[in-house]
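In: Prediction below, plus the sequence it came from.
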Amino acid sequence: MSITDEQMIDHAPENARQMLTGDGEAATRPAIVPFKIRDIEINPPLILSPMAGVTDVAFRCLLKRCGGIGLTVSEFISVEGLTRNNPKSKRQMRFHDYERPFAVQIFGGQWERMRMAAEMAEEVGADILDINCGCPAPKVVKHGGGSGLLRDLTRLEKILTEIKKAITIPLTIKIRAGFYDNHINAVETARLAEACGVEHIALHGRTKEQGYKGRADWDLVRQIKEVVKVPVSGSGDVTTVEEAFARWRETKCDGVLIGRGAMANPWVFRQIEDAIAGRAPYEPTLEDKRNVLLEYFDLLRADMPEFAALGRMKQLAGQFTRGLAGGSRFRQVIYHSHAVDEILARIEEYFETIAAGRTYLGEEGEACTEEDAPVLDSCEVVAT
Ligand SMILES: Cc1cc2nc3c(=O)[nH]c(=O)nc-3n(C[C@H](O)[C@H](O)[C@H](O)COP(=O)(O)O)c2cc1C
């Protein structure tokens, strides 16, 4: 499907029309249309950003069901683990057909192992192989992988060239602005990647040194888009329809990735897709919110031992209930729950209470600390 920019604007309601045109910047506005990574259509042009410890098969399926996602990506997977038959790394490659198009993301610094792992990803049926060039975790960087590749472009070139020889599926990369704050080399890295045959470049516009501090620099996305022919997508700090539209407008990028924003609002992709199509963005009801938590719990329990499922559940509940009435109290209560039945009962109790317009207080007499949802802002949860 390919709709023209004019058709999109014609059918857009007034508020969406303003977002599309940027208050009269119609002449410079980009089209927000599906794009292709070789022959794979990314439609809508929205990508669930890879997040270690979060975007496992259960989370991806949950989000895919909420709608609006054009490409899912695995958590980053250690090539050391994969090529040494580590069961955890192998499990991380699992996906459902329903998720397609689906990319496996790998990380590592040794081209031999990277190439072997790339072949394994192709063998399990991934549509795309993505290379992580952004993880700032010391454990990853020490071995030359993740963002470490941004300060050793010779190594990156060797890895990309060798992988390209070994696989037939498209090769893509996700990079950061650079390794050092005083040496921004995203544009140079993008050029090199394209020359090596990379078919999509995603940029998270922060340096390795910056970690997750400050704001992502989207102007670099614009600069890369200007110099390469392959599609370019941007990542960083997008949480709403308005922010996504603004980033498209400013950079003319092909796709937008959303990570942390999807944990707080699993419908954000659907809302953006709605706005692109000129519909009013979907507004999830309390019932939707309750159901999504319960559904996630079911997906988790089908996929992992109960103890692990409880941990993941608490993680999502923590991010997800930010901003909801009584959410902070609910998070405290959930963090102190240690059994499946208990968590299920608490979820029901919480949503019933706020649906009735009452204040959620948790269980009477229960001692709770001021413990709150931990801020999830890193990929330090490193495989193997
Ligand atoms: C908990 C967490 C884990 C992450 N893990 C990965 C990863 O495995 N691979 C990757 O390329 N980026 C990873 N990232 C970076 C995100 O994909 C994304 O680029 C970054 O969070 C900025 O986008 P956002 O503001 O939409 O979250 C991770 C980020 C977070 C918060």
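Out: Perfect, thanks for sending it.
In: separation between the closest residue to residue 196 other than its chain neighbours and residue 134?
Out: Closest residue to residue 196 apart from its sequence neighbours, by Cβ to Cβ, 6 or more residues apart in numbering: residue 160 at 3.8 Å. The C-beta positions use only the backbone N, C-alpha and C, and glycine is treated the same way. Separation of residue 160 from residue 134 (Cβ to Cβ, to the nearest Å): 15 Å.
In: next one: residue 320
Out: 25 Å.
In: Please apply the same query to residue 324.
Out: Taken as Cβ to Cβ, the span from residue 324 to residue 134 is 31 Å.
In: more neighbours, those two?
Out: Remark: of residue 324 and residue 134, residue 134 carries more neighbours, 27 against 16, as counted by other Cβ atoms under 10 Å.
In: Now do the more buried one against residue 42, distance only.
Out: Counting by Cβ to Cβ, the gap from residue 134 to residue 42 is 19 Å.
In: ditto for residue 103
Out: To residue 42, residue 103 is 10 Å away according to Cβ to Cβ.
In: Likewise for residue 354?
Out: Distance, residue 354 to residue 42, by Cβ to Cβ: 37 Å.
In: give the contact list for residue 231.
Out: 35, 36, 37, 42, 199, 200, 201, 254, 255 (Cβ atoms under 8 Å, 6 or more residues apart in numbering).
In: so which strand or helix has the residue nearest to residue 196?
Out: Secondary structure from DSSP states H and E places residue 160 in helix 153-166.
In: Centre of the chain to that helix, how far?
Out: 25 Å (Cα atoms, centre = their mean, to the nearest Å).
In: Stretch 322-340 now?
Out: 24 Å.
In: End to end on it, go ahead and measure it.
Out: One end of stretch 322-340 sits 22 Å from the other (Cα to Cα, to the nearest Å).
In: could you dump stretch 128-140 to CSV, C-alpha only?
Out: Output of stretch 128-140 as CSV, limited to C-alpha atoms (Å, rounded to 0.1, in the frame of the first residue of the first chain):
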residue,chain,number,x,y,z
ILE,A,128,16.4,-9.3,8.9
LEU,A,129,19.7,-9.5,10.8
ASP,A,130,20.5,-6.4,12.8
ILE,A,131,23.9,-5.5,14.4
ASN,A,132,23.9,-3.7,17.7
CYS,A,133,26.4,-0.8,17.6
GLY,A,134,24.9,1.1,20.5
CYS,A,135,25.0,-0.8,23.7
PRO,A,136,27.1,1.1,26.3
ALA,A,137,27.4,-1.7,28.9
PRO,A,138,31.1,-2.1,29.9
LYS,A,139,30.9,-5.9,29.6
VAL,A,140,29.9,-5.5,25.9
